[in-house]
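*Asks:* Dropping a prediction and its sequence here:
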Amino acid sequence: MKAKKSLEIANLIKDETFDMDPEEIRQIGYQSVDLMVDYFKNICKGPILTNKTFKQIKKLIIEPLPTNEQSPASIISECQKKIIDNSVKIGHPRLLGWIVASGTVIGTFADAIASAINQNVALSRVAMATSIELLVIEWIKEILDYDSNAAGILLSGGSMANFTALAVARNSKADYNVKTQGMNQISKNMILYVSEQVHMCIPKAANILGIGTNNIRNVKVDQDYRLDIKDLKAKIIKDQNHHRYPFAVVATAGTVNTGAIDPLNDIADICQDYNLWLHVDAAYGGFASLSKNVKKLLKGLNRANSIALDPHKWLFIPYEAGCVLVKNPTDMLDTFFMHADYLHVKTTESISNGYLDLSDYSLQLSRQFRALKIWMSLKQYGTLKYERVINQNIHLAQYLEALVEESPDFQVITPANLSIICFRYIPKDLKQKYQRMYHNKQKQINKYVNQLNQAIIEKIVKDSQILLSSTVLNGIFVLRVCVVNYRTTKQDIKDILMIVREIGQITDKKLRKKF
Ligand SMILES: Cc1ncc(COP(=O)(O)O)c(C=O)c1O
């Protein structure tokens with residue numbers, strides 16, 4: 001008699017599983033926790049970057065696709081030796097380049113817990129994780145004094161938050177239905193206004209959203225690198241007169257180069273007068289609202305139609321954590337909602353309880369439980385401790401500015417704005433000459449000092465005892481310090497200046513001969 005098909009198939013099933021018994025799990029946990037504790041214990045020591053080249057790093061880890069099993073203990077040891085020991089020491093007190101924050105310790109463990117329970121925060125049926133995210137969004141709105149009815153969602157970072165906000169701005173402001181017609185029905189070019197200092201993720205988003213980088217107007221900045229209101233207005237009027245369609249302004253609360261805060265209230269007035277969408281990129285400066293001193297500088301932020309934020313900056317949340325807020329939830333829903341029978345199973349209970357599927361508010365469907373690390377960090381420290389740490393970061397930048405100002409061989413290029421300061425090393429004799437010269441005669445010295453500071457930053461990165469970044473402002477190559485770090489101390493700031501001076505003196509001796 002022929003064997004039953006079900007029996008044949010049943011014989012193929014050998015009860016394979018990835019599951020582990022509790023004791024094995026505990027061992028992975030202990031070993032991983034030891035590794036993390038060691039990492040945090042030694043975070044202030046040693047070079048910040050690995051001394052290996054990218055090529056050497058790639059060579060160190062190259063191996064064939066694993067086919068056989070390996071013990072977790074040996075994998076974690078390998079991780080420690082190869083990966084941890086060659087990773088960038090983010091969180092090192094002297095890592096003050098870019099806007100890279102030290103992450104909270106509790107956030108680290110929150111990520112592990114979130115992965116253990118592996119919630120997919122897409123649908124309201126994942127009720128607890130969705131509710132925690134909604135609570136965190138409520139807290140963020142409260143920090144910013146933003147409209148309590150606004151909608152929001154957590155995303156990977158500032159770039160995705162800006163992209164999401166601009167998608168909503170485009171769909172809401174278009175004079176036809178972009179959702180159904182795409183950008184094909186456009187009769188007038190939709191024009192977006194940004195400052196010359198805008199973060200590059202904005203033109204990136206404009207490209208992907210079909211707005212096109214040619215339809216971005218780079219508004220001039222004033223001497224403090226803040227968006228110039230007069231130029232904004234002039235550009236809007238010019239575009240209107242040419243039958244184009246001005247639709248949105250991006251203002252920045254804390255620019256990436258100098259930490260400048262655009263005049264948000266004035267920009268909000270213009271947006272109101274010309275019926276434009278106001279989006280504020282507050283990825284860096286937004287959470288400085290936790291400081292009462294800074295909050296005054298952010299006046300007008302709460303008038304924005306949308307705001308992009310980065311909890312992985314000044315909330316000190318481990319990567320990745322971004323957030324977008326949109327004042328009118330319907331705008332967000334209209335942009336992102338797409339019905340799918342396999343998802344939108346509306347039960348009587350879900351409708352009557354006002355359940356909310358967060359996947360209807362962004363491009364992502366599956367999303368990790370990012371809210372847990374924000375919830376835990378805010379609970380551990382509370383807003384008062386956050387305020388003290390953010391103020392301390394700002395004071396450290398001001399302290400560096402004062403030290404630079406008092407030095408005969410340094411020059412402040414932009415003063416401390418929030419916690420960013422731009423300066424340069426300029427040998428004492430050249431500084432004296434520079435100060436006596438007229439502006440047009442300073443060019444020659446600038447050319448050399450640019451070259452000198454470029455060489456200094458290369459040496460800084462190579463030595464890796466401190467890590468600053470650099471940028472170019474009005475043709476001047478500057479060293480840039482950004483303090484978003486709860487470990488940095490006054491001594492670190494003093495030492496940084498001393499190290500830059502030492503490197504500057506040696507480099508100047510080598511380079512000056514050729515000048
Ligand atoms: C002002 C500003 N906007 C946007 C971004 C991009 O944020 P993310 O790196 O989280 O995508 C940054 C990053 O530093 C920033 O400073």
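*Replies:* Here it is on my side, so go on. Please read all numbers here as calculations on a predicted model, not as lab measurements.
*Asks:* Kindly provide the distance from Ile140 to the ligand.
*Replies:* Using Cβ to the nearest ligand atom, to the nearest Å, Ile140 is found at 15 Å from the ligand. From N, CA and C alone the C-beta is placed, and that goes for glycine too.
*Asks:* Is that residue located within a strand, as I assumed?
*Replies:* No - when classified by DSSP: H, G, I helix; E, B strand; the rest coil, Ile140 is found to be helix rather than part of a strand.
*Asks:* Could you report the neighbour count for the closest residue in space to Cys79 that isn't next to it in sequence?
*Replies:* Nearest residue to Cys79, sequence neighbours excluded (Cβ to Cβ, 6 or more residues apart in numbering): Leu35, at 7.3 Å. Applying other Cβ atoms under 10 Å, we find 15 residues neighbouring Leu35.
*Asks:* Now do the buried residues in the helix or strand where Leu35 lies.
*Replies:* Element membership for Leu35, per DSSP states H and E: helix 22-41. Judged by neighbour count (16 or more other Cβ atoms under 10 Å), helix 22-41 contains these buried residues: 31, 39.
*Asks:* how about that helix as PDB, C-alpha atoms only?
*Replies:* Only the C-alpha atoms of helix 22-41 are listed here, as PDB (Å, rounded to 0.1, in the frame of the first residue of the first chain):
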ATOM      1  CA  PRO A  22      18.000  29.300  29.500                       C
ATOM      2  CA  GLU A  23      21.500  28.500  30.900                       C
ATOM      3  CA  GLU A  24      23.100  28.900  27.400                       C
ATOM      4  CA  ILE A  25      21.300  32.200  27.000                       C
ATOM      5  CA  ARG A  26      22.500  33.300  30.400                       C
ATOM      6  CA  GLN A  27      26.100  32.600  29.400                       C
ATOM      7  CA  ILE A  28      25.800  34.700  26.200                       C
ATOM      8  CA  GLY A  29      24.300  37.400  28.400                       C
ATOM      9  CA  TYR A  30      27.100  37.300  31.000                       C
ATOM     10  CA  GLN A  31      29.800  37.300  28.400                       C
ATOM     11  CA  SER A  32      28.200  40.200  26.500                       C
ATOM     12  CA  VAL A  33      27.600  42.200  29.600                       C
ATOM     13  CA  ASP A  34      31.300  41.700  30.600                       C
ATOM     14  CA  LEU A  35      32.300  42.900  27.200                       C
ATOM     15  CA  MET A  36      30.100  46.000  27.400                       C
ATOM     16  CA  VAL A  37      31.200  46.900  31.000                       C
ATOM     17  CA  ASP A  38      34.800  46.600  29.900                       C
ATOM     18  CA  TYR A  39      34.100  48.900  27.000                       C
ATOM     19  CA  PHE A  40      32.500  51.500  29.100                       C
ATOM     20  CA  LYS A  41      35.200  51.200  31.800                       C
END
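*Asks:* got a list of what the residue nearest to Cys79 touches?
*Replies:* By Cβ atoms under 8 Å, 6 or more residues apart in numbering, Leu35 lies in contact with 76, 79-80, 84.
*Asks:* Could you tell me which of those count as buried?
*Replies:* 76, 80.
*Asks:* The residue nearest to Cys79 and the ligand, how far apart?
*Replies:* Leu35 sits 26 Å away from the ligand, going by Cβ to the nearest ligand atom.
*Asks:* residues touching Val37, list them.
*Replies:* By Cβ under 8 Å, 6+ apart, Val37 lies in contact with nothing.
*Asks:* what's around Asp21, how many residues?
*Replies:* Asp21 is flanked by 7 other residues according to other Cβ under 10 Å.
*Asks:* what's the average pLDDT for stretch 198-206?
*Replies:* For stretch 198-206, mean pLDDT rounds to 98.
*Asks:* Then stretch 17-34?
*Replies:* If you average the pLDDT over stretch 17-34, you get 97.
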